[in-house]
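Just to be clear, the model below is a prediction. Sequence and coordinates:
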Amino acid sequence: MEWLKKDSIFNGVLMGMMTFISTYCLISGADWLRTKYLNLSPFMIAPRIQLLMLFLNMLLFRWLMITKEQTEKGRGVLLITFVVTIAYVYTHKVKI
């Protein structure tokens, strides 16, 4: 796991993708359990989950750039965040 400590853009891209995937799995899984066992309506619909994923990635970006001072990793996270944001705007037909 020593390669994860290196400050490279590839590691930042991997961290950004892992953040997106883990956030989606945790939130949608918790919402599924809440719906199945508590018989409540779904709380987190798709656009809310995607916006929360973007927000958490921006927090990761800030943490890497300011606290850890790992600029290359931060750039990788920002790259993934930018690509996903463009995809979100395109798929949801958001007017800019």
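Alright, I've got the coordinates. Numbering: from 1, shown residues only.

Centre-most residue in this protein?
F20 (3.2 Å; C-alpha atoms, centre = their mean).

List the contacts of that one.
Contacts here follow C-beta atoms under 8 Å, 6 or more residues apart in numbering; on that basis F20 touches 53, 57, 80, 84. The way it works is simple: take the backbone N, C-alpha and C, and place the C-beta from them, glycine included.

try 10 Å
F20 makes contact with 50, 53-54, 56-57, 60, 80-81, 84, according to C-beta atoms under 10 Å, 6 or more residues apart in numbering.

What confidence value was assigned to it?
pLDDT, F20: 92.

now K5
pLDDT, read off for K5, is 79.

Give me the below-cutoff pLDDT ranges for this protein.
For the chain, applying pLDDT under 70 flags the ranges 96.

which residues touch the closest residue to M15 other than its chain neighbours?
In space, and not counting its chain neighbours, M15 is closest to V77: 5.9 Å by C-beta to C-beta, 6 or more residues apart in numbering. By C-beta under 10 Å, 6+ apart, V77 lies in contact with 9, 11-17, 19, 57-65, 70.

Select from the residues you listed every entry located in helices.
The members of these that map onto helices under DSSP state H are 9, 11-17, 19, 57-62.

ok, which pair from these is furthest apart?
I9 and L59 (19.1 Å; C-beta to C-beta).
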